[in-house]
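Trainee: show me the folded form of this:
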Amino acid sequence: MDRRDFLARTAATSAALGGLPLAVHAQARPKDVLIVANEFGPNSLDIHTVGANRPAYGVSWLVYDRLMTFGKKRLPDGRVTYDATKLEPELAESWQMAPDGMSVTFRLRRNATFHDGTPVTAKDVKWSFDRAVSVGGFPTFQMAAGSLEKPEQFEVVDDHTFRVKFIRKDKLTMNNLAVVVPCVFNSELVKKNATAQDPWGLNWTRNNTAGGGAYKVESFRPGQEIVYVRNDDWKCGPMPKLRRVVQREVPNAGNRRALLLRGDIDMTYDMPPKDFAEMATDGGPVKVSTMPIENAMFYVGMNTTRPPFDNVKVRQAVAWALPYDKIHEAALYGRGTKLYGGPPGPIKSTAWPQPTWYRTDLDKARALMAEAGVPNGFETTLSIDLGGATVGEPAAVLIQEALAQIGIKARINKIPGATWRAALLKKDMPMILNRFGGWLDFPEYFFYWCYHGQNAVFNTMSYQNPKLDRIITNARFAENKAIYDSSVREMIQIAYDEVPRIPLFQPSQDVAMRSDVMGFTYWFHLQPDYRQLYKA
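Mentor: Numbers count the residues shown, from 1 in each chain. Got it, this is the predicted structure:
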């Protein structure tokens, strides 16, 4: 069956996809073909490009290799998740730490090739790492989170030997080499499509790939679909069982649910919590996998560089005004861990994330507004990501209603998911409803991204506090447990006292799939890893 026939045949009305043809019904599809529908797809094929969104992480994971990957573990209830404590070979078949602990040397697979058949060499790895630390923005911040900061740290020993030299001992370095950003590009191919104005070829890789991973991109139609086809020459892991994956954009959640129940698609995610709650108990042909997202939170963020949110009392007033329980019940349907209503007083635990002491108390909120000099309130804008509208829109309406009770008139600004990251980069939105999750499950990693004065993209509040910066650094590099624990508690205390972002909930990842889809693994980047999936 060729691609045209595959996409043209349908077992339901094309209206469900806004006029686009649907996929073949499950009973007529080959077992090695998977059809996925999600709310929105990648806005770039290269995670290094400015504004690359979360679905772009999934592209990188499938199409490009990294030196290492994380292992997997099975939980007592049968769910499978990545194992953050175990590093396994991918492009590198082995590695050796130097006796002084200040470098690591990788031996690359000699039979690894890129999708065009070009052999992968250490020169490609160095060029890719040089690129990641040089392009700026998210990829450069991510590399720096593991003390990977400058091209001089990366050395080609020979064609199949690559060395990373450390500028300091950092417990995050090795794990950071296994996340999505340090992927390996076909350097000569990208350089052929680079220009003097774009020396890293970012304009070209936004819509083209230069990888050697388990899947190739057969076609990419932004706003409609991306089609993956298996790379049968892949040598860096077990050969995937799925030959082809069609990932389509179906913005309407009701349509996606209907398509899944009918068998027209095999998997969907980013659905309203209500749908997941119902499908999880229906007992029909669909199953739901749920996993709490570590080091993650939904939050309300306020831009601390501009009035009135530069006033800590205004921020605290908002924190006491939010309708936490209503959001938990009406927007999340209880599918999230509460990060509010904790005990008052000094922070005593290093657990992260942990509940704040804020809860809905309009009297406290009004008193703080008066102390801040704005007893009659003000007008502002609350921006939300339409890519997460299933939770964001009902939550925003509830927040808008609650803030009105303390005099804050908030207009809701809806931003398309494809441009949300670019909007965050501008740092000009006064108030946002957002979700962030740290890839490496350490509190200091979260704080480095979200509260540190380096003002990374995920410090969406542009919060600056030199004292907190020093404490974050102390936690990152502390070798003494007592110093580490004290630093973490102090970090959390400052964040909750100053409250530039107001934690709401620790979210869960929910994925619904047909009952014959097997091998689902939860990954830190929250995108399906089709390399492990198969059909019973």
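Trainee: before we move on, which element is residue 432 in?
Mentor: Residue 432 belongs to strand 431-437 when assigned by DSSP states H and E.
Trainee: now residue 216
Mentor: strand 215-221.
Trainee: what is the mean pLDDT for that strand?
Mentor: Strand 215-221 shows a mean pLDDT of 97.
Trainee: and that strand, what does it pack onto?
Mentor: helix 54-63, strand 225-230 (3 or more C-beta pairs under 8 Å, 6 or more residues apart in numbering; DSSP states H and E). Every residue, glycine included, has its C-beta placed from N, CA and C.
Trainee: returning to that earlier point: return the angle between stretch directions for the strand holding residue 432 and helix 54-63.
Mentor: Angle, strand 431-437 to helix 54-63, by axes from the mean of the first three to the mean of the last three C-alpha atoms, to 10 degrees: 20 degrees.
Trainee: tell me the average confidence for stretch 432-444?
Mentor: 94.
Trainee: and the nearest residue to residue 410 once chain neighbours are set aside, helix, strand or coil?
Mentor: Leaving aside its chain neighbours, residue 410 sits nearest to residue 382 (4.4 Å; criterion: C-beta to C-beta, 6 or more residues apart in numbering). Following DSSP: H, G, I helix; E, B strand; the rest coil, residue 382 is assigned to strand.
Trainee: surely residue 382 and residue 432 touch.
Mentor: Yes. Residue 382 lies in contact with residue 432 (C-beta atoms under 8 Å); the separation is 7.2 Å.
Trainee: still on that earlier bit, who touches the residue nearest to residue 410 in this structure?
Mentor: 396, 399-400, 410-413, 431-433 (C-beta atoms under 8 Å, 6 or more residues apart in numbering).
Trainee: also residue 310?
Mentor: Here residue 310 is in contact with residue 304 (criterion: C-beta under 8 Å, 6+ apart).
Trainee: quick one: low-confidence ranges for the stretch 301-450 of the chain?
Mentor: Within the stretch 301-450 of the chain, the set of residues satisfying pLDDT under 70 is empty.
Trainee: now do the helices in it.
Mentor: Counting by DSSP state H, counting those that start in this stretch, the stretch 301-450 of the chain has helices at residues 312-321, 324-330, 362-371, 389-404, 417-426, 443-450.
Trainee: quick one: contacts of the third one?
Mentor: Helix 362-371 is contacted from outside by 313-314, 316-318, 320-321, 375, 377, 405-407, using C-beta under 8 Å, 6+ apart.
Trainee: next one: that helix to chain centre, how far?
Mentor: Taking C-alpha atoms, centre = their mean, to the nearest Å, one finds the center of helix 362-371 at 36 Å from the center of the full chain.
Trainee: residue 503: which of the contacts of helix 362-371 is nearest?
Mentor: Relative to residue 503, the closest of the contacts of helix 362-371 is residue 318; by C-beta to C-beta it sits at 12.6 Å.
Trainee: what about that closest one, how many residues close to it?
Mentor: Residue 318: 27 surrounding residues under other C-beta atoms under 10 Å.
Trainee: show me which positions of the strand holding residue 216 end up buried.
Mentor: 215-217, 220 (16 or more other C-beta atoms under 10 Å).
Trainee: out of the residues you listed, what pair is the most spread apart?
Mentor: 215 and 220 (12.3 Å).
Trainee: where exactly do the strands run in the stretch 101-250 of the chain?
Mentor: Taking DSSP state E, counting those that start in this stretch as the criterion, the stretch 101-250 of the chain contains strands spanning 103-108, 154-158, 161-165, 215-221, 225-230, 244-249.
Trainee: could I get the average pLDDT for the third one?
Mentor: Model confidence over strand 161-165 averages 98 on the pLDDT scale.
Trainee: quick one: that strand to chain centroid distance?
Mentor: Worked out by C-alpha atoms, centre = their mean, strand 161-165 lies 28 Å from the chain centre.
Trainee: how about it: buried residues?
Mentor: 161-164.
Trainee: for burial, what's the neighbour tally of residue 112?
Mentor: 22.
Trainee: how about residue 275?
Mentor: Around residue 275 there are 20 residues (other C-beta under 10 Å).
Trainee: my read is that it contacts residue 257, right?
Mentor: Yes. If you go by C-beta under 8 Å, residue 275 and residue 257 touch, sitting 5.3 Å apart.
Trainee: between the two, which contacts overlap?
Mentor: Joint contacts of residue 275 and residue 257 (C-beta under 8 Å, 6+ apart) are residue 512.
Trainee: circling back: can you tell me which of the buried residues of strand 161-165 lies closest to residue 99?
Mentor: residue 163 (13.9 Å).
Trainee: surely the closest one touches residue 104?
Mentor: Yes. With contact defined as C-beta under 8 Å, residue 163 and residue 104 form a contacting pair (7.1 Å).
Trainee: format the CA atom coordinates belonging to stretch 57-64 as PDB.
Mentor: C-alpha atoms of stretch 57-64 as PDB (Å, rounded to 0.1, in the frame of the first residue of the first chain):
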ATOM      1  CA  TYR A  57      11.500  17.300  20.700                       C
ATOM      2  CA  GLY A  58       9.800  14.100  19.500                       C
ATOM      3  CA  VAL A  59      11.200  14.700  16.000                       C
ATOM      4  CA  SER A  60      14.700  15.000  17.400                       C
ATOM      5  CA  TRP A  61      14.400  11.900  19.500                       C
ATOM      6  CA  LEU A  62      13.400   9.800  16.600                       C
ATOM      7  CA  VAL A  63      15.400  11.200  13.700                       C
ATOM      8  CA  TYR A  64      18.700  11.900  15.400                       C
END
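Trainee: ok, residues contacting it?
Mentor: Looking at what lies outside stretch 57-64 - C-beta under 8 Å, 6+ apart - the contacts are 42, 44-47, 180-181, 183-185, 209, 211-217, 226, 228, 523, 525-531.
Trainee: how does it look with 7 Å?
Mentor: 42, 45, 47, 180, 183-184, 209, 211, 213-217, 228, 525, 527-531 (C-beta atoms under 7 Å, 6 or more residues apart in numbering).
Trainee: contact partners of stretch 113-128?
Mentor: Residues contacting stretch 113-128 (C-beta under 7 Å, 6+ apart): 91, 108, 112, 154, 156-162, 183-189, 210-212, 216, 231, 233.
Trainee: can you say which of the residues you listed are buried?
Mentor: Applying 16+ other C-beta under 10 Å to the contacts of stretch 113-128 flags 91, 108, 112, 154, 156, 160-162, 183-187, 189, 210-212, 216, 231 as buried.
Trainee: residue 428: how many residues sit nearby?
Mentor: Quick note: residue 428 (other C-beta under 10 Å) scores 12 neighbours.
Trainee: let's have the chain start at 787 instead
Mentor: Right, with 787 as the first residue, what we last looked at is residue 1214.
Trainee: thinking again about what came up before, among the contacts of residue 1168, name the buried ones.
Mentor: Buried among the contacts of residue 1168 (16+ other C-beta under 10 Å): 1182, 1185, 1196, 1217-1219.
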